[in-house]
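1. any chance you could fold what I've pasted below:
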Amino acid sequence: MSTWSMTNAQLVKTLLKALKPVKQAAYDSTLSSTIGRRSCTEGTRIKIMSDLNDWARDSSGPSIFWMNGMAGTGKTTIACTFSQDLEQDKRLAAGYFCTRTTAECRDVNRIIPTIAYQLARYCIPFQSSLCQVLGEEPDLSSKHVQKQFDHLLRDPLLKSAHAMPDNLVVIIDALDECEDHAGVELILDLLFQHASTFPLKIYVTSRPEPEIYNRMATHSHARQVIHLHEIENSLVQADIELYLQAELRVVSPSASDITELVQRSGALFIYAATLVRYIKSDVRFADPHDRLRSVLDMAHETTTHHSQIDTLYTTILSSVLSHDELQANEKRDIWAVLRAVLFAQEPISIETIATLSGIEDPRRVLWVIQPLRSVLHQSEQTGVVSTLHASFPDFMFSSERSKSYFCDTVEQSQALAERCFLAMQAQLRFNICELETSFIPDSAVNGIEARIKDTILPPLAYACRYWGSHLALASKSESLLKMLSEFISYRLLFWMEVMNLRREIVMGYETLLKAKQWLNRSGTTSPELVILVEDARNFVTSFASSPVSQSTPHIYISSLPLCPQSSSVYQNYWNQTRGLLELKGSLIERREAAALATWNLGSGVNSVAYSPDGTRLAAGCWDHTVKIMNAYDGTLLLDPLQGHSGCVNSVAFSPDGQLVASGSDDDTIRVWNPYTGAPIAGPLQAHRGNVASVSFSPNSKQIVSGSKDHTICIWDAGNGTLLSGPFAKHDSDVNSVTMSADGVLIASASADKTIRLWNTHHGTLAASPLKGHTDHVRSVAFTPDGTRLVSGSNDSTIRVWNTSDGSLITSPLKGHTKEVASVAISPDSKQVASGSRDCTVRVWNIDDGSLVAGPFVGHTERIYSVAFSPDGTRIISGSHDETIRVWNVRDGLLPLPVPFEYHITYVQSVSLPDNNTHILSRLSNSTWAWDITPEGIVASLSDQQLDTNPPRMQSSKTYSLTFTTDHCIEVRSNTDGSVVAGPLRGHTDTITSSAFSVDGRYLVTGSWDRTICMWDLNKAELVGVPFRGHREGITSVALSPDGSRVVSCSGYGIPIRIWNTHCAMIPAPAPPNLFAEPSLHHNPDPILEGWEIRDDGWVTNSSSALLFWIPSDLASIHAWPSPHAEFVITRKGILQIVQKELYLGNQWSRCYVSD
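-> Numbers count the residues shown, from 1 in each chain. You can find the predicted model right below:
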């Protein structure tokens, strides 16, 4: 082979390896043997196999074949046989056999990359096309399913179709065993959308689960189907007879025995297979002849369609649990293991079974599993244990079927939840993976994966991941309430470490949501515990949805110090810490109102909506797209949905969650599948002006739209047919439309200052116009019971109307200072959320109009849209500032704006005229005094006057300054002009301001390079490192008479920063008296050099170390800590940074003191 060929082959190998295929998903993998997959016994399933081969060769037939059947009908065995046949004919292009027994084989996200990998190994033209794609984007296997499908499958297939062989087949077996139901639906939608254009066919098997059955029923014209459980019994039983004869040959059953067993099997191959496993068991005390006889002696009492399998499972359990050699404690252990496996959320290790069962000894668990191998399976590769077949849990969870063997979900869930809590209590600890430094992301930690595997053992990993799932199924229990309270109070942060290191922190949000729902459902009398859980959920949300989650140590270094100090998380854990960032001031006090998460979409956000289940968000954007996002962490679930040619003004989810509608400035409406992004209908065209609003009917079948052309239309959501309209009575733009919960009324809000109610069925007016607003009505929403209507207007008010007579229920809700663009009603109909051009979100009591929460401040430009989460605990807002923000809905008003918020527009100068604690600044046309007290800074208007045009360069009685073209400073004697010090090198841009200390020893300079330098003129050198923190060039500096503080402002003067020159917030360890005068002349710690704040909120130094992460509400106003910065004064408030030694970097593990 030539060198070029070898190099090219190696490149292909590397690119394909990046797909991370699941090799155990092949039909003939080693896993296939260990879980007992096999092909059909010779002579069986002849008719089915013939039909399959005919379909595969028929180029004019459907591209998809669905074989479905109830549990135990033999789907996988047929798929294995079909795979063998195709492989012999060289027509098996790829195969993915799903199974619950291994995590990777039940992961729907691995299906497309694995199929693409196998296709590339099979077909060189496809390989070439695929490698071109991977060469440009090698990480596609880690993208969401739609992007995988488009780039790894669709595009390469279409490009190479002309060169591929005919009659190729891809097999996907047991699709129902994938745990992500939405992902399964997505793959099916994509297959049906594109399979007809592919140069191959797709064979899918599954149980008729709803998410699969519904998709298959919808596309009945595009697929062929066999329902195995509907095949004539005589044909199935003939095949079962052949199978039993072959498998039981060593037992030599008589013809009558075989006939009896066939009758008992009915149409269920799983019954016959389970029966064979039971009779041929290798358990030491089992005699196959005795077992055959016990099966034949089973009574024929039941008549249900489950009777045969139920009787068999009953016999198996009876033989295990009733054996004379078993002692009482052995039976208890068998039951404990059986229940642990049955109720486990995934296949689990022997050690995890020991923990969940309470047996503790893994060796004993191994012994207990032996007699249960007829119903349980242990993987030889991974050692994890699961039920052998889905029909067994179905049997065990039905009291009518399993009778004395019934496993009660509520009772067992309580036991498993308790054991999860006990496992976490015993094993969770601070810095569990012994991370050496806080300066790097987890991904950069050497050997992190091995460290996680060695430290976070399977029992702890399982307990951390699934305690909420078990708790959700349990009944109210005092022991569980106590365990939950102790867990949140003492181990929450340690649990977050595990979840974040395992990249499962987003699941943490879902877990705590389950805990809150369990508390609400159980009717707990402990409001304190509800607050504990809700505060924990907020803390996890803020961490998980932000870049701070890139580094686990920053749970403590960044997130805890910046947690609202009223939060129970802060109160429970802060006293356990030391050497952490300590922040005070009004900005910190107002963090109660800070957004839990901020997601930048790169485009203005006109409209936001939650999916009915609360897991997804839709956003309508200025860039003409609709974005579908994960509601927990803000990640895009699909590529932006494209099709509109103008701004998307409105988005709405259908109540069943299956559709998203969008209205645009291009005068059209489009309907999308929110799981695949596929267009369902549209563009819907009837309006002659921008579509401002869309909304669904309660049954999800209709869409109502309102337009700038003054009209309203009603559409069929499925096919886009115009059902009614356009109808018009408004005299100006229709800004908002919504339909009542009973579907009878439509409400429309207009720029003509009115709201109108329409009869949905006839398009006629149902009442006189609702009048009262004095400017454009921008938004309108019905309460769920339809009795009230809420509207928001450009007159800055919100109004609540009685829909029966059009009267106002309360006085107008006033508080916003600019136009109200959007209103939303909480699911319980008790609260109204409003978003305004004044950049705030407010929450009101719908009954009396009082403000109950807010104002929530964080957006930097006008808010266009607000929406409540389905559980009513969150509000999302979309803004012109290109972000979506997530807010926690709390009862209780938040602090009013700081008194100087609307006065600081341009700080012209700063001064320290008298001492080091009294600062003056000229703000616009007024002078403000800032007095530094032990409690912080007190601001007040001052009668003192500052020069309206102060000198930027201050000279002393002794010295004057000159500057070189390379930004160096020369200090000259006023007596003879000689150079006393210099050139002083430190700035990199024009020097704009300066100040001398009273004794002439120190000089402070500010520059357009955004830094302040302090110079020791006696030694002609820079003191420490330049002070950093301003976002623009420095315009004014001042030095206190004793030289202990420097004040500076920059650009437009915001913020003002006050620097302490005698001490600093510094990383430990530090030399004694590092910044106490006169010992300022040392070589500064490199950690202190080059501090800056990145766009993603990370404060880093010149070595790119991750020092802190600052949330956007502070970062956006440049309120962030840096060495020597003691106070930061902004329009929004004051930040005080306590000057102390910090445990950062390789000292970070000292920051937490365990009891």
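2. residue 1006 and residue 722: what is the separation?
-> Distance, residue 1006 to residue 722, using CB to CB, to the nearest Å: 65 Å. All C-beta atoms are positioned from the backbone trio N, CA, C, and that covers glycine.
3. the more surrounded of those two?
-> Using other CB atoms under 10 Å, the more surrounded residue of residue 1006 and residue 722 is residue 1006, with 28 against 14.
4. for the strand or helix carrying that one, packing partners?
-> Counting by DSSP states H and E, the element that carries residue 1006 is strand 1002-1007. Under the contact criterion of 3 or more CB pairs under 8 Å, 6 or more residues apart in numbering; DSSP states H and E, strand 1002-1007 touches strand 969-973, strand 991-996, strand 1011-1016, strand 1034-1039, strand 1045-1050.
5. helix or strand right after the last one?
-> Scanning forward in sequence from strand 1045-1050 by DSSP H and E, the next helix or strand is strand 1056-1060.
6. for that next one, packing partners?
-> By 3+ CB pairs under 8 Å, 6+ apart, strand 1056-1060 packs against strand 926-933, strand 1045-1050, strand 1125-1130.
7. now that strand: how far from the chain's centre is it?
-> 38 Å (CA atoms, centre = their mean, to the nearest Å).
8. now do it against strand 1002-1007, angle only.
-> 150 degrees (axes from the mean of the first three to the mean of the last three CA atoms, to 10 degrees).
9. mean confidence score for strand 1056-1060?
-> Averaging pLDDT along strand 1056-1060 gives 83.
10. that one versus strand 1011-1016: what angle between them?
-> Using the same axes, to 10 degrees: strand 1056-1060 against strand 1011-1016 is 30 degrees.
11. direction included, what does strand 1056-1060 pair up with?
-> Here strand 1056-1060 is paired, per DSSP bridges, with strand 1045-1050 (antiparallel), strand 1125-1130 (antiparallel).
12. for residue 638, which of the ones you listed is the nearest?
-> strand 1125-1130 (38.0 Å; CB to CB).
13. sheet partners, orientation included, of the helix or strand just after that closest one?
-> Elements were assigned by DSSP H and E; along the chain past strand 1125-1130, the next helix or strand is strand 1133-1137. Here strand 1133-1137 has these sheet partners by DSSP bridges: strand 583-584 (antiparallel), strand 1125-1130 (antiparallel).
14. beyond strand 1133-1137, next helix or strand please.
-> Downstream of strand 1133-1137 (by DSSP H and E), the next one is strand 1141-1142.
15. run through who's touching the helix or strand hosting residue 569.
-> Secondary structure from DSSP H and E places residue 569 in helix 568-573. Contact with helix 568-573 is made by 488-490, 492-493, 531-532, 535-536, 538-539, 560, 563-565, as judged by CB atoms under 8 Å, 6 or more residues apart in numbering.
16. do that again at 7 Å, thanks
-> If you take CB atoms under 7 Å, 6 or more residues apart in numbering as the criterion, helix 568-573 is touched by 489, 492, 493, 531, 532, 535, 536, 539, 560, 563, 564.
17. and the fifth one, how many neighbours?
-> When you say that, I think you mean residue 532. Neighbours of residue 532 (other CB under 10 Å): 24.
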